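Q: Next come a sequence and a model predicted from it.
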Amino acid sequence: METMKIEVLGTGCKKCQQLEANAREAIAALALEAEVLHITDPIEIAKRGVMSTPALAINSQVVSKGKVLTPTEIQHLLKA
Amino acid sequence: MLDPFYPFDWLATQIVTHLLGLSVDSHLGASLHFFLYDVPKVLTLLITISFLVGTFQSFLQPEKVRYWLSGKRTLSGNILAAMVGIITPFCSCSAVPLFIGFLEAGIPLGVTFSYLISAPMVNEVAIVLLWGLFGLRVTLLYIGFGVGLAIIAGYAIGRLKLEHWVEPFVWELQRSHQSQELAQSFQSPRLTWKQRLQQGWFQSSQIFQSVWLYVVIGIAIGAGIHGYMPTTLVTQLAGADNPLAVPVAVVLGVPLYANIAGVMPITEALVNKGMPLGTVLAFTMAVTALSFPEIVILKRVLRPQLLTVFISLMTLGIISVGYLFNLLLLN
């Protein structure tokens, strides 16, 4: 299976860190091979068309904005 | 008038007078009563209001706001942007993505600024603290003046035609993005009420965790001032006779973004001792609208000239509001 690319978009506030932690938890729970990146550059975030952080992107596709998803919610998105 | 906080007042009085056997007029009694009354009152308000705001905010994605504002021209756009700013979520870390997102949609620069000023200024922690500590009328005046300032400052920035002082890459981004990005605009899944309430609860507990300690410490210091500091000292330092009090309050407020929760209860005690409310309101506005982290973030997309215009307009505006308020409330 090819490596998934999970990106957390957020400038580093508490919520963004929580989202990253939840994403890692979801990946571990599913035993996936995935690379987790945290994008903190506000301009890069804006280029993705994201206006409210934290956002989550799976393989460069933004799947959630402005929300701290729970590990379970992220698992659903990863399986989709 | 019905005071929803009467039970807290009653309880605090009972504890001080009966349990501890102190008079509420003594120094120690007054301080303790201030502390025992304010802590539960402010924390209850904080949890309740941030829960309600957090739940309600799940209805308002920035994408929707952008859509509402995209067809609007100046003035009517400024007014709408400032109004919408009251109710939308704002975290200074979203300032740049929002700014770019708005300009991408063709929203005029001045209208974007109206939103950018109004959204952080009228934030829930500031509202809770003002309401809990100074009452509803002061809170409403604060919101009114904040929105007014956002409209005027945004309108002024629009009229001055300062688009060339936005970093050029923002406009290039707009051209490359506009058609494709906006067409396939992100579809947010509809949330259930359970999810909305969960979001509200999450927000509420986050805010509570990050500010409760500051609130308690601030109230403790305020309680000390309330019981022990002589009135004459406060009126001398920050009273209505000191014309420099308002600008000084504004300058002190800018670096204090995160700690508004701790500083406001102190101002409550100072107001009881004769510091005018306008000075406090100017201070509150400076803390929330001109926050240091936000300025640093905005520097990424604004040329220094535009940043200077923005800061100067806001500083002037806030100082005027402070003087105006003092004038209005004194008479």
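A: Ah, there it is.

Q: what's the lowest-mean-pLDDT helix or strand in chain A packed up against?
A: Least confident helix or strand, chain A: helix A:42-47 with a mean of 82, by mean pLDDT, DSSP states H and E. Judged by 3 or more Cβ pairs under 8 Å, 6 or more residues apart in numbering or on different chains; DSSP states H and E, the packing partners of helix A:42-47 are helix B:95-104, helix B:168-183. Placement of C-beta: from N, CA and C, glycine included.

Q: Now find how far off-centre it is within its chain.
A: Distance, stretch centre to chain centre, for helix A:42-47: 15 Å (Cα atoms, centre = their mean, to the nearest Å).

Q: Count the residues that sit near B:I217.
A: Neighbourhood size, B:I217 [other Cβ atoms under 10 Å in any protein chain shown]: 15.

Q: quick revisit: sheet-wise, list the partners of whatever helix or strand comes next after the least confident helix or strand of chain A with their directions.
A: Counting by DSSP states H and E, the element after helix A:42-47 in chain order, helix or strand, is strand A:55-58. Strand A:55-58 sits in its sheet next to strand A:4-9 (antiparallel), strand A:61-64 (antiparallel), going by DSSP bridges.

Q: what's in contact with the shortest one?
A: For strand A:61-64, the surrounding residues in contact (Cβ atoms under 8 Å, 6 or more residues apart in numbering or on different chains) are A:9, A:48-50, A:55-57, A:73, A:77, B:186.

Q: rank the helices and strands packed on helix A:42-47 by mean pLDDT and give me the bottom one.
A: Of all the helices and strands packed on helix A:42-47, the minimum mean pLDDT falls on helix B:168-183 (a mean of 62).

Q: Please verify my assumption that B:V138 contacts B:L130.
A: Yes: counting by Cβ atoms under 8 Å, B:V138 touches B:L130, with 5.9 Å between them.

Q: out of those two, which sits in the busier spot?
A: B:L130 (24 against 19).

Q: For that one, which three-state class applies?
A: Secondary structure state of B:L130, per DSSP: H, G, I helix; E, B strand; the rest coil, is helix.

Q: can you pull the contacts of it?
A: Taking Cβ under 8 Å, 6+ apart as the test, what B:L130 contacts is B:138-139, B:142, B:264, B:284.

Q: What residues does the stretch 1-150 of chain B have near chain A?
A: Contact residues, the stretch 1-150 of chain B versus chain A (Cβ under 8 Å from any Cβ of the partner chain): B:61-63, B:66, B:89, B:91, B:93-101.

Q: Go ahead and confirm B:V128 touches B:L43.
A: No: contact criterion Cβ under 8 Å: B:V128 and B:L43 do not qualify, at 9.5 Å.

Q: Pull out the C-alpha coordinates of stretch B:71-90 and format them as PDB.
A: C-alpha atoms of stretch B:71-90 as PDB (Å, rounded to 0.1, in the frame of the first residue of the first chain):
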ATOM      1  CA  GLY B  71     -21.600  41.100  -4.000                       C
ATOM      2  CA  LYS B  72     -21.400  44.100  -1.700                       C
ATOM      3  CA  ARG B  73     -19.800  47.400  -2.500                       C
ATOM      4  CA  THR B  74     -18.400  49.900  -0.100                       C
ATOM      5  CA  LEU B  75     -20.400  51.300   2.800                       C
ATOM      6  CA  SER B  76     -23.200  48.800   2.700                       C
ATOM      7  CA  GLY B  77     -20.500  46.200   2.500                       C
ATOM      8  CA  ASN B  78     -18.700  47.800   5.400                       C
ATOM      9  CA  ILE B  79     -21.800  47.800   7.500                       C
ATOM     10  CA  LEU B  80     -22.700  44.200   6.800                       C
ATOM     11  CA  ALA B  81     -19.100  43.100   7.300                       C
ATOM     12  CA  ALA B  82     -18.900  44.700  10.700                       C
ATOM     13  CA  MET B  83     -22.200  43.300  11.700                       C
ATOM     14  CA  VAL B  84     -21.300  39.800  10.600                       C
ATOM     15  CA  GLY B  85     -18.000  40.200  12.500                       C
ATOM     16  CA  ILE B  86     -19.900  40.300  15.800                       C
ATOM     17  CA  ILE B  87     -21.100  36.800  15.500                       C
ATOM     18  CA  THR B  88     -18.400  35.000  13.700                       C
ATOM     19  CA  PRO B  89     -15.600  33.000  15.200                       C
ATOM     20  CA  PHE B  90     -12.200  34.600  15.100                       C
END
